[in-house]
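Asker: just coords:
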DNA sequence: CGTTATTTGTGCGTATGTATA
DNA sequence: CTATACATACGCACAAATAAC
């Protein structure tokens, strides 16, 4: 089967842009010109140009034409898997407690309201690599069954209550000194600085529904993100 | 002006998905059924469904139908501005030197080849917030003029040599202890742990063309990223 | 100021191909 | 084999924005 025509036009124009034939700011030939050049219809050309627009390579202006845009190198895509498949997970405890200041502020609740606190350790054959803490506002009838929680992903914890599409999450990366239980479980000296990943889950009304902290053992290495154009 | 028909269909189906009328895994009505429902043509429906597909909300299977997919909560978008607009930038030095091991390995060069090393400080009215180090393989005739480099973004440094679209960058976040010149400039004690952002620039052949390290003063706070669906 | 040509935006009808059940 | 569903592609018409005259 021959390659679809619109795909051919798409990759041919894309190639021309990547090779510098059209530079950022340049106008592409009009739809009609391209249709003539590739000996096809305007509809097909529009499909190809639409794909280039989706990839943020060109932008169309009504009545003017299509223009090559400046690529975005400031936006990075971070792939962060809640469940690292190379690591085993072990539940440490589930406690019902009155939140400390950090958790209060993250979940927008007052000290009188209790929260469920869950600690998990993620480890490989050699050592404990991550210490994961999660906090959820406690409500009566909440399932505290260990097995349910042990393997649950962060968004899974609340997905039954709201539509998965309504949830969005925020991730923050910071640095913190490990103390007490966390230091002991990661087998680090008290006060050692480690990377910390903070996770915030919000529902469709922007209300915080969960808060998590994850302490990374130094041997976990770096967190990586990418920018630029990638296939797929 | 009335809203375009295809936009109406798009947002109406999207709303239905977000409200849980169609759940992840569900099949949407067929193109023909939707065309009948909205009293329009199949072409228009395809446009709307194509938009939903671009937003990774549905996926079509040839001969089967359109299916609601599970939202991706593991991919985060990091917006990282090389030039923080709230901060002033000051060039500290430009040196030509033989690279240390870390830089050698990052740029895939051997110790005999020299690199241009550039240090900048980014500061606000109160204090120095960032210490930025960049390394570029040195080539004869390279412009070392300070003014050119002082305000250059990371990708700008190489954009004249290759197409901007061919460049892609990687970002890593780690933790490191500040020493020597860096510690002094950030006014931190030797050995203090700080967040470090590593940047790698690659050309179209995946060859490294620049390497950067950026030490963040603790007062810079956290790095944040988002996941889920956002308008625009 | 309006006129006109150009360019993109929206929308319909139709035909044929191909994958799935 | 057949019915259904999506994929590709063409032609046409009109609307709306832009720019040049």
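Answerer: The structure has been received and is ready for your questions. Note that the structure is predicted; figures quoted are calculated from it, not measured.
Asker: any chance you could map the helices in chain A?
Answerer: A:5-18, A:31-37, A:42-54, A:101-107, A:146-150, A:180-185 (DSSP state H).
Asker: how far out from the middle of the chain is the fourth one?
Answerer: The chain centroid and the centroid of helix A:101-107 are separated by 22 Å, computed with Cα atoms, centre = their mean, to the nearest Å.
Asker: ditto for the second one
Answerer: Remark: helix A:31-37 is offset 39 Å from the chain centroid, using Cα atoms, centre = their mean.
Asker: residues contacting the nearest residue to residue A:104 once chain neighbours are set aside?
Answerer: Ranked by Cβ to Cβ, 6 or more residues apart in numbering or on different chains and with sequence neighbours excluded, the top spatial neighbour of residue A:104 is residue A:111, at 6.1 Å. For every residue, glycine as well, the C-beta is placed using N, CA and C. By Cβ atoms under 8 Å, 6 or more residues apart in numbering or on different chains, the contact set of residue A:111 is A:98-99, A:104.
Asker: test my guess that residue A:214 contacts residue A:120.
Answerer: No: using Cβ atoms under 8 Å as the test, residue A:214 is too far from residue A:120 to be in contact (9.2 Å).
Asker: anything in contact with each of the two?
Answerer: A:131-132.
Asker: show me where chain A dips below the pLDDT cut-off.
Answerer: Along chain A, the parts satisfying pLDDT under 70 run over A:1, A:141-153, A:157-162, A:228-232.
Asker: ranges for the strands of it?
Answerer: A:58-61, A:65-68, A:75-79, A:88-97, A:115-123, A:128-137, A:168-177, A:193-202, A:208-216, A:223-227 (DSSP state E).
Asker: summarise which helices and strands the fourth one is packed against.
Answerer: Spelled out, it's strand A:88-97. Counting contacts by 3 or more Cβ pairs under 8 Å, 6 or more residues apart in numbering or on different chains; DSSP states H and E, strand A:88-97 packs against strand A:115-123, helix A:146-150.
Asker: hmm, try it at 10 Å
Answerer: strand A:115-123, strand A:128-137, helix A:146-150, helix A:180-185 (3 or more Cβ pairs under 10 Å, 6 or more residues apart in numbering or on different chains; DSSP states H and E).
Asker: now do the fifth one
Answerer: Packed against strand A:115-123, as judged by 3+ Cβ pairs under 10 Å, 6+ apart, are the following elements: strand A:88-97, helix A:101-107, strand A:128-137, helix A:146-150, helix A:180-185, strand A:208-216.
Asker: what's the angle from that strand to strand A:88-97?
Answerer: 160 degrees (axes from the mean of the first three to the mean of the last three Cα atoms, to 10 degrees).
Asker: and the third one, by the same measure?
Answerer: Relative orientation of strand A:75-79 and strand A:88-97, computed by the same axes, to 10 degrees: 100 degrees.
Asker: got phi/psi on whichever residue of chain A sits closest to DNA strand D?
Answerer: Nearest residue of chain A to DNA strand D: residue A:63, at 2.5 Å (Cβ to the nearest atom of the strand). Here is the backbone geometry of residue A:63 (degrees, to the nearest 10): phi 80, psi -10.
Asker: domain ranges for chain A, per the record?
Answerer: Chain A breaks down into these domains under the TED database: A:1-68, A:79-224.
Asker: so residue A:183 versus residue A:194, what's the distance?
Answerer: Distance, residue A:183 to residue A:194, using Cβ to Cβ, to the nearest Å: 9 Å.
Asker: now for those two: what residues contact both?
Answerer: A:131, A:177, A:215 (Cβ atoms under 10 Å, 6 or more residues apart in numbering or on different chains).
Asker: most neighbours among those residues, which one?
Answerer: Neighbour tally across those (other Cβ atoms under 10 Å in any protein chain shown): the maximum, 26 neighbours, falls on residue A:131.
Asker: who's that one bridged to?
Answerer: Per DSSP bridges, the residues bridged to residue A:131 are residue A:121, residue A:215.
Asker: so what's it up against?
Answerer: With Cβ under 10 Å, 6+ apart, residue A:131 has these contacts: A:92, A:119-123, A:178, A:181-186, A:188, A:194, A:196, A:213-217.
Asker: next, the distance between the ends of stretch A:119-128.
Answerer: 13 Å (Cα to Cα, to the nearest Å).
Asker: and which of the shared contacts of residue A:183 and residue A:194 is nearest residue B:51?
Answerer: residue A:215 (40.7 Å; Cβ to Cβ).
Asker: surely the closest one meets residue A:173?
Answerer: No: using Cβ atoms under 10 Å, residue A:215 is not in contact with residue A:173, being 11.9 Å away.
Asker: which residues do these two both contact?
Answerer: By Cβ under 10 Å, 6+ apart, the residues touching both residue A:215 and residue A:173 are A:195-197.
Asker: circling back: burial measure for the residue of chain A closest to DNA strand D, as a count.
Answerer: That count, for residue A:63 with other Cβ under 10 Å as the rule, works out to 5.
Asker: near DNA strand C, which residues of chain A show up?
Answerer: When proximity is defined as Cβ under 7 Å from any atom of the strand, chain A approaches DNA strand C at A:1, A:28, A:30-33, A:42-43, A:46, A:60-66.
Asker: using PyMOL, define a selection of the buried residues within those.
Answerer: Those of the residues of chain A next to DNA strand C that count as buried under 16 or more other Cβ atoms under 10 Å in any protein chain shown are selected in PyMOL with:
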select buried, chain A and resi 28+31+46+60+66
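Asker: what's the farthest-apart pair in the residues of chain A next to DNA strand C?
Answerer: Checking the residues of chain A next to DNA strand C with Cβ to Cβ, the most distant pair is A:1 and A:63, at 37.6 Å.
Asker: circling back to that earlier point, can you lay out the contacts of residue A:111 as CSV showing neighbour count?
Answerer: Output for the contacts of residue A:111, formatted as CSV (neighbours: other Cβ atoms under 10 Å in any protein chain shown):
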residue, neighbour count
A:98, 13
A:99, 22
A:104, 17
